[in-house]
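# Fold the following for me, if possible:
(one chain, ligands or ions: 1)
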Amino acid sequence: MSLYYEAAATLANPNKTGGSLKSRVYKQTDVKSSPAQIFALITETSKWSPVLKTIIERSGLLQEEKKLTPLLALLLTHDLLLAKTGVAAPTNHVLKLAITRHKARLGAELTKVRLLRGCATLDALRHAVNDGSVDTGPTALPKAPAHPRWVRVNTLKTTLDEQLSSTFAGYEETKHLSVIMSARSSSKTYFIDPNIPNLLAFPPKIELSKSTAYVGGQIIFQDKASCFPAYLLDVGAEIGDIIDGCAAPGNKTTQLAAIVSAAPTKAPRHVIAFERDKARASTLEKMVNLASADNVVTIKGGQDFLAAQPGSEEYSKTQAILLDPSCSGSGIVGRDDTIEIQLPTAPESIKPNSKGSASKKRKRTDVKSSHPEESTTLKLEVDNLPHEESPEDNNTSDRLTALSTFQLRILTHAMRFPQARRITYSTCSIHCEENESVVLQALQSTIAKERGWAILKREQQVTGLRDWQHRGIWDDGKLGLEAKTRDHAKEEILDACIRCEKGTDAGTMGFFVAAFTRHGPEAVEQNEDEWNGFSDEEAMDNAAVSAILQSESTPAYSEKRTKKKHRK
Ligand SMILES: C[S@@+](CC[C@H](N)C(=O)[O-])C[C@H]1O[C@@H](n2cnc3c(N)ncnc32)[C@H](O)[C@@H]1O
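This is a model prediction of the structure:
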């Protein structure tokens, strides 16, 4: 098969199996072309696809060349017009013949598009395409709001100043995040975040994943909102061991380790990181080692935090717990390691035809199936970057109920640790059911009352988060606690909750975090009238919890989800 058939077949993957584009390309064994060549062709074509789509549609190429699918047309047009060595196939190859006879028309369309984009030369257009700043024309899909590349400097290995004068030497500081959000990916600009220490923002889609600092664990990609929980936990030298109950891939674990190391204590303290999923636990281990956090972090791989015995000797020094449990992922924004290929519209006439010899039919069908006729954009995850959570588009109210039941269960379990003084609870969900509702129910649980757990009020929070303006919201009907909660208490709790919205000029994903603190027994009595809430038993529907936990931990789970999505 030629390079072009092989690249199109790689893109086919209707079941989205085999992982990221990179792993699919490099794991293929039945291809003649080099994986690097296939990968380069696909990624370059994706960058140019808004331009190529216009050129192909205007030239009428697909109407005239019935052998070409939209994907093949894109790949071939790319090489014909833009590759230094042209189309990589023998002169008499059927695909080369099919594309080269349109060279003059396609070239003329490229010139028109270039001039329309205000580019005097092909190099200028190339520059605009590489920056992602090329105007995609009236048929383009609306662009997702620009999301900065947030970079946390790993102070276990380096310092902010060191990074600014080495990795980011030659970059200019801007005091306005809006400048970053509208900057081109090639723009050498950075913004120092005012809320979170050691956090920088860079232009969307900036390529830093090959930098020595990223590869060496000196910088870590972590959304601003995701940095809130570890910072809010405020583990100064007076706090002993810390549990991270839901740790993989380890962004918050390594951040906690950095905070702990910056406040040394006489007796060494530890971050105990639980991760139930074995595969994710191995990612966690890699991240902890890369970040040089292994002196501080003890990994409990494949272990369920819910099974940890709060009263055991092992946790007798545990004074703070960070909980970032599985959630709906509804706050997640489009990922930087995703590429899109805009396909030219395929005329009806080129749909697979039933005539022809068996071998010919097989070849044609392989390629035809590579373009989903119903969709004009292919989205592909390029790398296997570790993700904190995967968004789920099936957030029915049953699923939200099951998730929030699990979240409440894990939060009230944390409240049982006898020496614990502080807890943070966070999700990357935008739903009240997983956020404010869980917080309110936890505060009303028997264990919270017995142990004297209260919300960490806004005025008690670390400066950077006290100053954060976006606070908890009250969604009538979703919390179900209106009658039981006095107004001023409600206001105070909501003001203590921290929210981030996705797609705003704050440049964060959708996120929620709240912290709990433990007072003495006196506070329990004071709060007794206020919190006439549920018992733990009432709050938990164990059947629903088991169902969701089981389905998420079964290996077939992701497969099932993919198939379901594909059927839609
Ligand atoms: C949202 S992710 C955590 C992201 C992580 N805190 C970070 O910042 O990189 C939730 C993780 O918790 C794990 N998890 C869920 N329930 C758990 C449990 N009961 N015990 C331990 N880990 C659990 C999931 O497997 C998943 O890896």
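# Using PDB, write out every CA atom in whichever helix or strand Glu491 is part of.
Per DSSP states H and E, Glu491 falls inside helix 487-496. Output of helix 487-496 as PDB, limited to C-alpha atoms (Å, rounded to 0.1, in the frame of the first residue of the first chain):
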ATOM      1  CA  ASP A 487     -29.600  31.500  55.000                       C
ATOM      2  CA  HIS A 488     -26.500  33.100  56.500                       C
ATOM      3  CA  ALA A 489     -24.900  29.700  57.000                       C
ATOM      4  CA  LYS A 490     -25.700  28.900  53.400                       C
ATOM      5  CA  GLU A 491     -24.100  32.100  52.200                       C
ATOM      6  CA  GLU A 492     -21.000  31.400  54.200                       C
ATOM      7  CA  ILE A 493     -20.600  27.900  52.800                       C
ATOM      8  CA  LEU A 494     -21.100  29.100  49.300                       C
ATOM      9  CA  ASP A 495     -18.600  31.900  49.800                       C
ATOM     10  CA  ALA A 496     -16.100  29.300  51.100                       C
END
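# following that helix, which helix or strand shows up next?
Past helix 487-496, the next helix or strand by DSSP H and E is strand 498-500.
# just so I have it, where are all the strands in the stretch 151-300 of the chain?
172-173, 189-192, 199-202, 219-221, 241-244, 271-275, 297-301 (DSSP state E, counting those that start in this stretch).
# tell me the secondary structure for whichever residue of the stretch 1-150 of the chain sits closest to the ligand?
The stretch 1-150 of the chain approaches the ligand most closely through Trp150 (12.7 Å), counting by CB to the nearest ligand atom. C-betas here are computed from N, CA, C, even on glycine. Under DSSP: H, G, I helix; E, B strand; the rest coil, Trp150 falls in the strand class.
# for it, which residues make a bridge with it?
Trp150 has these beta-bridge partners by DSSP bridges: Ala201.
# what about Glu6, which helix or strand?
helix 3-12.
# What residues sit buried inside that helix?
By 16 or more other CB atoms under 10 Å, the buried positions in helix 3-12 come out as Leu3, Tyr4, Tyr5, Glu6, Ala7, Ala8, Ala9, Thr10, Leu11, Ala12.
# Just put the residues you listed in JSON lines and tack on distance to the ligand and pLDDT.
Formatted as JSON lines, the buried residues of helix 3-12 follow (distance: CB to the nearest ligand atom, whole Å; pLDDT from 0 to 100):
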{"residue": "Leu3", "distance to the ligand": "38", "pLDDT": "92"}
{"residue": "Tyr4", "distance to the ligand": "39", "pLDDT": "92"}
{"residue": "Tyr5", "distance to the ligand": "38", "pLDDT": "92"}
{"residue": "Glu6", "distance to the ligand": "35", "pLDDT": "91"}
{"residue": "Ala7", "distance to the ligand": "33", "pLDDT": "91"}
{"residue": "Ala8", "distance to the ligand": "35", "pLDDT": "90"}
{"residue": "Ala9", "distance to the ligand": "33", "pLDDT": "87"}
{"residue": "Thr10", "distance to the ligand": "29", "pLDDT": "85"}
{"residue": "Leu11", "distance to the ligand": "29", "pLDDT": "84"}
{"residue": "Ala12", "distance to the ligand": "30", "pLDDT": "77"}
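# So which of the residues you listed is the closest to Glu501?
Leu11 (33.9 Å; CB to CB).
# Check whether the closest one really touches Ile341, as I assumed.
Yes - under the criterion of CB atoms under 8 Å, Leu11 makes contact with Ile341 at 7.3 Å.
# what do these two both touch?
Ile42, Leu71, Leu378, Leu380 (CB atoms under 8 Å, 6 or more residues apart in numbering).
# So which of these wins on neighbours?
Counting neighbours by other CB atoms under 10 Å, Leu71 leads the shared contacts of Leu11 and Ile341 with 27 neighbours.
# Next up, identify which helix or strand that one is on.
Leu71 belongs to helix 70-82, assigned by DSSP H and E.
# Over to Thr111?
Using DSSP H and E, Thr111 falls in helix 103-116.
# Which is the succeeding secondary structure element to that helix?
helix 122-131.
# Could you export the next helix or strand after the helix holding Leu71 as PDB, keeping only the C-alpha atoms?
Next in sequence after helix 70-82, counting helices and strands by DSSP H and E, comes helix 94-100. Taking Å, rounded to 0.1, in the frame of the first residue of the first chain, the C-alpha atoms of helix 94-100 are listed here in PDB:
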ATOM      1  CA  VAL A  94      -2.900   5.500  -9.700                       C
ATOM      2  CA  LEU A  95      -3.000   8.100  -6.900                       C
ATOM      3  CA  LYS A  96      -0.200  10.200  -8.300                       C
ATOM      4  CA  LEU A  97      -1.900  10.300 -11.600                       C
ATOM      5  CA  ALA A  98      -5.200  11.200 -10.000                       C
ATOM      6  CA  ILE A  99      -3.800  14.200  -8.200                       C
ATOM      7  CA  THR A 100      -1.100  15.500 -10.600                       C
END
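# please begin residue numbering at 11 from this point
From this message on, residue numbering opens at 11, which makes the last subject helix 104-110.
# Which secondary structure elements does helix 104-110 sit against?
If you count contacts as 3 or more CB pairs under 8 Å, 6 or more residues apart in numbering; DSSP states H and E, helix 104-110 packs onto helix 80-92.
# Can you pull the residues of this protein lying near the ligand?
Selection of the chain residues close to the ligand by CB under 6 Å from any ligand atom yields 236, 256-262, 284-287, 290, 314-316, 334-336, 398-399, 420.
# Could you measure from the residue of the chain found nearest the ligand over to Cys129?
Of all residues in the chain, Cys256 sits closest to the ligand, at 3.0 Å by CB to the nearest ligand atom. Cys256 sits 49 Å away from Cys129, going by CB to CB, to the nearest Å.
# Which one of these two is surrounded by more residues?
Taking other CB under 10 Å, Cys256 and Cys129 do not tie; Cys256 has more neighbours (25 against 17).
# pretty sure that one is touching Ile331, no?
No - judged on CB under 8 Å, Cys256 makes no contact with Ile331 at a distance of 10.4 Å.
# strands paired with the longest strand seen in the chain, and their directions?
The single longest strand within the chain, with elements called by DSSP state E, is strand 521-528. Partners of strand 521-528 in the sheet, by DSSP bridges, are strand 432-437 (antiparallel), strand 463-465 (antiparallel), strand 508-510 (antiparallel).
# Ok, which of the strands of the stretch 161-310 of the chain comes nearest Ile342?
Comparing the strands of the stretch 161-310 of the chain by CB to CB, strand 229-231 comes nearest, at 13.7 Å.
# on contacts alone, who are the packing partners of the closest one?
Looks like strand 229-231 contacts strand 159-163, helix 222-225, helix 261-272 (3+ CB pairs under 8 Å, 6+ apart).
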